[in-house]
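Chemist: sequence plus predicted model, see below.
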Amino acid sequence: MALLGVQPASAFGTIRGLGQNAEHERITRHALGCGLLGGDTDCFQDKTLVELAGEDNNFGAIGIPDRGDLITQNKAHCDSGDYLGIPDYPHTRAEAQAALENCRAWMQKNLQDAVADAGALVDARGALRADQLKIPCLFVGQIKGRAKCNVIEDLGILMHASEDFYSHSNWVDVADATQPVGPENPPGLARTGRAPWLDLRRESPFPAGLITGCFEKPPEKSHCNYGPGGGLHRVKHAVVNKDTGAIDPILGDGTTLRGSHDDNFAHAIAAAIDDTRDKWLTFRQALVAAYGAKSGALMACAVSHDDPLADCRP
């Protein structure tokens, strides 16, 4: 697929190059690949996993927000939820929270879309529709196609946002204690694991102190500035992100300013894997709630298996 309009530091990496090493793909594979889950029946089989996670220069559904018109939409990456309690900071706490709540709502919308699109996987008798199960998929312009590809697209967009949350926010971060707290060193929450606030099954209070970095468009140095002559800047994506670093064959160090400090990158990766796996579980549970246990399980099998007609039974 063509690489259109990508800036290297917009999210966990999608490509191999320009400082990225397919971090989104690797996170998604660690979360949902059958080999890494020990053959779990709820995993994604190899060919279908390529459609979701991508491979080589194939973005997969997880990379959709890193091309096209979603690149600069903050809701698709959980960006611009920035706030600091310093005089004259131009973005209020309420505005920061609203930006993050918009990102969570975006995830909820794509979950609902995935459940709705899954309905076309079966016919009126509850049997799988062969014509709606074919892969490979073609993800272009978010134009709907076969039901299985539509569901995978919805899930990819959802999971991209939830994975970015852990890179772009201060949820897992430890700030640099040797430097003053400020726009270059915002406070971290030092949490581990997935954020309960991102659990789409239920509402929970907004986490106190949660922020993400400001992002408008590249080059980052020219944006998110304020004050006389633009001499001051908001907490920027460039400061807080943990987008790039070594994941395979072993989880190594982050290569961004924030990611390279105190295992912040490793903590972001672990939380993103945990959350991606939970988003897949949330989707399966939502299918059962919408269509019943029998049809919901059949639909989930059809989405994740390479040969649903052979492997998935009502």
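Modeler: That came through, no problem.

Chemist: got the buried residues for stretch 234-249?
Modeler: 234-247 (16 or more other CB atoms under 10 Å). Any C-beta I mention is one placed from the backbone N, CA and C, and that applies to glycine too.

Chemist: and it, how far out from the chain middle?
Modeler: 14 Å (CA atoms, centre = their mean, to the nearest Å).

Chemist: and stretch 102-109, by the same measure?
Modeler: 11 Å.

Chemist: pLDDT on that stretch, on average?
Modeler: Averaged over stretch 102-109, pLDDT sits at 98.

Chemist: which strands and helices lie in contact with the longest helix seen in the chain?
Modeler: Assignment by DSSP state H gives helix 264-291 as the longest helix of the chain. Under the contact definition 3 or more CB pairs under 8 Å, 6 or more residues apart in numbering; DSSP states H and E, helix 264-291 sits against helix 23-32, helix 93-118, helix 147-168, helix 293-304.

Chemist: please repeat the previous calculation with a cut-off of 10 Å.
Modeler: With contacts defined as 3 or more CB pairs under 10 Å, 6 or more residues apart in numbering; DSSP states H and E, helix 264-291 has these neighbours: helix 23-32, helix 46-53, helix 93-118, helix 147-168, helix 293-304.

Chemist: partner strands of the helix or strand just after the fourth one and their direction?
Modeler: In this case it means helix 147-168. Scanning forward in sequence from helix 147-168 by DSSP states H and E, the next helix or strand is strand 225-226. According to DSSP bridges, strand 225-226 forms sheet pairs with strand 232-233 (antiparallel).

Chemist: pull the residues that contact the next helix or strand after the partner strand.
Modeler: Next along the chain after strand 232-233, taking DSSP H and E as the criterion, comes helix 237-240. Residues outside helix 237-240 that contact it (CB atoms under 10 Å, 6 or more residues apart in numbering): 9-11, 74, 77, 79-80, 82, 167-170, 173, 175, 182-186, 188, 211-216, 219-221, 223-224, 233, 243, 256-259, 264.

Chemist: circling back to that earlier point, among the helices and strands packed on helix 264-291, which comes closest to residue 203?
Modeler: Nearest to residue 203 among these is helix 93-118; the distance by CB to CB comes to 9.7 Å.

Chemist: got the angle between that closest one and helix 147-168?
Modeler: 160 degrees (axes from the mean of the first three to the mean of the last three CA atoms, to 10 degrees).

Chemist: who does helix 93-118 touch, helix- and strand-wise?
Modeler: Short answer (3+ CB pairs under 10 Å, 6+ apart): helix 93-118 packs on helix 147-168, helix 264-291, helix 293-304.

Chemist: mean confidence score for the second one?
Modeler: Here helix 264-291 scores 97 as its mean pLDDT.
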